[in-house]
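Trainee: Provide a 3D model corresponding to the input given below.
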Amino acid sequence: MNKDFSVDYEMWDLKDAFSCLEAAYLWCGVDPYKVEEEDYNNFNSNLKRQIEKKAKVFELAAQEEKLTYDDKITMRDARRIKCAPIPKFTRVSFRKYADGIGQRPHFLFPEDRRLVLSDLGELDALTIKVNAVREAFGYQTKGIPMNNLQQLFDALSLHTRLIKVSKQLFVDGHYSQSIFEAFKAVNNAVKKKSGVDKDGQTLMAHVFNEEGPLIRLNPLKTQSDINEQKGFKLLYMGAMAGIRNPKAHDHVMQADPLRTLRYLAFASLLMERIDEGTRSRRKMSLKKKATE
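Mentor: Presented below is the predicted three-dimensional model:
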């Protein structure tokens, strides 16, 4: 297919009523008015299932009055949004519903994309990252406008290797793949620095083992140092088990760009700690070391 099926969110900022099927398309990142029957038939089966499942969820929510239909939708309104005058629920009702289930689809919350940072000349790199993340969670800051998600990606100053493997995927809307590639890069960085030919959880447990790590994240001179080493070992293991592996094997659909950025920021932290870590030349029991 040559058509672009991404959603023109600026256009949808003007709309205020949705049918269950329209909302399902938009929730899955597809503009329903760009899609014809033959186009839909060419969608991958996973996207079809996502759309159909969401439509049924919204229909059930409307039946249970979790979504309130707006009876004031007129023929004129129907012509304006190019569809039959079928029952629709308002943006306000849908926003409340989305908030109630802890999700923020961007056609309902366009303000999430209008992110603002303070004057870059007055901030160091850490403050830039903090403000960008604060904006992603809905806090307000002052300064120059951030008009799109690519600018937010750039403002986060992610690790250079993550930018190389994930940025274009993110910009193109391939959010699940951008996350997978980021955590695959984390896995490969650990393998390269440690010289260990293992993978995933097994690799992380072996390399960052607080009893004798191959990559030390601190001097390991105090109990606090050892606790930090152990904590990050568990973070690396969890990242492989809970983020990389599901993205690789289960075709997990990720439609939220802001959540994607949070995953990428976490991967960037893990990459930075790898770079900062010291490659141990030999393994030594920390229990023995702590008693010396």
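
Trainee: Look up how far Lys233 lies from Arg95.
Mentor: 41 Å (CB to CB, to the nearest Å). In this view, the C-beta of every residue, glycine as well, is placed from N, C-alpha and C.

Trainee: Surely Arg273 is in contact with Phe232?
Mentor: Yes - if you go by CB atoms under 8 Å, Arg273 and Phe232 touch, sitting 6.3 Å apart.

Trainee: between those two, who's got more neighbours?
Mentor: Phe232 (22 against 18; other CB atoms under 10 Å).

Trainee: so what's the more buried one closest to, chain neighbours aside?
Mentor: Leu217 (5.6 Å; CB to CB, 6 or more residues apart in numbering).

Trainee: Could you check how many residues crowd around Glu181?
Mentor: 23.

Trainee: which SS state does the closest residue in space to it that isn't next to it in sequence fall under?
Mentor: Nearest non-adjacent residue to Glu181, counting by CB to CB, 6+ apart: Val165, 4.3 Å away. Put simply, Val165 is helix when judged by DSSP: H, G, I helix; E, B strand; the rest coil.

Trainee: 371 is where my numbering starts, stick with that
Mentor: Understood, numbering begins at 371; the last thing we discussed is Val535.

Trainee: Confirm for me that Val535 is in contact with Phe550.
Mentor: No - if you go by CB under 8 Å, Val535 and Phe550 don't touch, sitting 9.5 Å apart.

Trainee: Which one's more surrounded, the two?
Mentor: Phe550 (24 against 19).

Trainee: rewinding a little: comparing Arg465 and Lys603, which residue is more hemmed in?
Mentor: The neighbour comparison of Arg465 against Lys603 (other CB under 10 Å) goes to Lys603, with 20 against 14.

Trainee: any idea which element the more buried one lies in?
Mentor: helix 593-609 (DSSP states H and E).

Trainee: Identify each buried residue in that helix, please.
Mentor: Buried residues in helix 593-609, defined by neighbour count with 16 or more other CB atoms under 10 Å: Asp595, Ile596, Glu598, Gln599, Lys600, Phe602, Lys603, Leu605, Tyr606, Met607, Ala609.

Trainee: now it: mean pLDDT?
Mentor: The average pLDDT for helix 593-609 rounds to 95.

Trainee: roughly how far apart are Val462 and Ala637?
Mentor: 36 Å.

Trainee: which of the two has more neighbours?
Mentor: In terms of neighbours (other CB under 10 Å), Ala637 is the more surrounded of Val462 and Ala637; the figures are 27 against 13.

Trainee: ok, for that one, nearest residue in space, not its chain neighbours?
Mentor: Nearest residue to Ala637, sequence neighbours excluded (CB to CB, 6+ apart): Ala552, at 4.0 Å.

Trainee: So which elements touch the helix or strand harbouring the one you found?
Mentor: Using DSSP H and E, the element containing Ala552 is helix 545-564. With contacts taken as 3 or more CB pairs under 8 Å, 6 or more residues apart in numbering; DSSP states H and E, helix 545-564 sits against helix 530-541, helix 570-577, strand 585-586, helix 593-609, helix 615-619, helix 627-646.

Trainee: so which of these gets nearest Cys390?
Mentor: Closest approach to Cys390 among the helices and strands packed on helix 545-564 (CB to CB): helix 627-646, 23.6 Å.

Trainee: next one: phi and psi at Asn588?
Mentor: With angles defined as degrees, to the nearest 10, Asn588 shows backbone torsions of phi -160, psi 180.

Trainee: distance of it from Ser564?
Mentor: 16 Å.

Trainee: Asn555 reaches Ser638, doesn't it?
Mentor: Quick fix: residue 555 reads Ala, not Asn. No - Ala555 sits out of contact with Ser638 when judged by CB under 8 Å, with a separation of 10.0 Å.

Trainee: any residues in contact with both of those two?
Mentor: Shared contacts of Ala555 and Ser638, defined by CB atoms under 8 Å, 6 or more residues apart in numbering, are found at Leu532.

Trainee: Tell me which residues touch Ala611, please.
Mentor: Ala611 neighbours (CB under 8 Å, 6+ apart): Gly570, Gln571.

Trainee: if we go to 6 Å?
Mentor: Counting by CB atoms under 6 Å, 6 or more residues apart in numbering, Ala611 makes contact with Gln571.

Trainee: what's the answer for Asp626, then?
Mentor: By CB under 6 Å, 6+ apart, Asp626 lies in contact with nothing.
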